[in-house]
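> Predicted model and sequence follow; I will ask about them next.
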Amino acid sequence: MLNYIKNLTKELGNAFLDFTKSRNFARVDENNIRKIVRDIENKGFCVVDDFYSKALCDKISEEIDNMILSHRSKVWVDQFESDHRLYAADRKSGLVSNFFNDKFLRKVSSGYMGSDLVGFTLAARLTAKPENLGSGGGWHRDALKRQIKSIIYLTDVDIKSGPFEYFEGSHRHGEKLQNFILNELKHHTRYSENEISKFKERGLETITAKAGTLILVDTSGIHRGRPIDEGSRYALTNYFWTDSIPEHISKLFI
């Protein structure tokens, strides 16, 4: 009973934070940025086509390959040797740093979160391997309170290339509370296929798109990178926090 009260109190607190932040637009002045923030508020994500050119995407992908070789001891690799991650690649590459410091992305992200932000860019190469779970290791929420990421595809992504998948509206505090109750008041952020089956008809979005496509997303919603069946998928992801970067993540920096 004590754990029930503790977990329910935490969920209600997260809901209150989401509610107050959704009304903080002091940092959003441009109309298009305000619209994008509203799209994320409503759906949980927004897709922007042609944010980068194919030529620039190819150049950054080549840079990722070079960094994986030159920082081999610092590359995070999953158990299937499919997901290769360079944490804080923006500290080592000017091209990646440009993505992290992009003024448009900063304004959208800080506008959505209602605060100045700290963070880094993850550069990743996902390669088809037997039984891989995809980017992120299956269905999950990054957090139970509001979270913002900006993801850019550096290669063309079809259904076999490990596209980003998201349950539209699952970021809303009402959905989180309902999910919390349906899962027998378990306070967790990862979901089995059996648990996720409860959401299968709730607007699953599979985002297939060409290189240069940008995804702005509240990753407190349920999402995953679909398991990759063919080839390799390259991407950059900006991670943001309103206070400080968690120590267990900063330890992974290259």
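Arrived safely, thanks for sending.
> Quick check: the closest residue to Tyr239 other than its chain neighbours vs Tyr112, distance?
Using Cβ to Cβ, 6 or more residues apart in numbering and skipping residues adjacent in sequence, the residue nearest Tyr239 is Gly119, 4.7 Å away. Backbone N, C-alpha and C define where each C-beta goes, glycine included. Distance, Gly119 to Tyr112, by Cβ to Cβ, to the nearest Å: 13 Å.
> and what of Ile152?
17 Å.
> more neighbours, these two?
Comparing Ile152 with Tyr112 by other Cβ atoms under 10 Å, the one with more neighbours is Tyr112, at 28 against 25.
> Is the residue nearest to Tyr239 in a helix, a strand, or coil?
Following DSSP: H, G, I helix; E, B strand; the rest coil, Gly119 is assigned to strand.
> Could you give the bridge partners of it?
Phe240 (DSSP bridges).
> My understanding was that it contacts Ile245; is that so?
Yes. Gly119 is within contact range of Ile245, at 6.7 Å (criterion: Cβ atoms under 8 Å).
> got the contact list for Tyr166?
Gly44, Phe45, Leu204, Glu205, Ile207, Val217, Gly221, Ile222, His223 (Cβ atoms under 8 Å, 6 or more residues apart in numbering).
> again, but for Thr189
Counting by Cβ under 8 Å, 6+ apart, Thr189 has contacts His140, Arg141, Asp142, Ala143, Leu144.
> go on, Val47?
Counted by Cβ under 8 Å, 6+ apart, Val47 has contacts Ile207, Ala209, Thr213, Leu214, Ile215, Leu216.
> repeat that with 7 Å
By Cβ atoms under 7 Å, 6 or more residues apart in numbering, the contact list for Val47 reads Ile207, Ala209, Thr213, Ile215.
> Mark which of those are part of strands, please.
Using DSSP state E to define strands, the subset of the contacts of Val47 located there is Ile207, Ile215.
> Closest one of the contacts of Val47 to Val77?
Nearest to Val77 among those is Ile215, at 23.6 Å by Cβ to Cβ.
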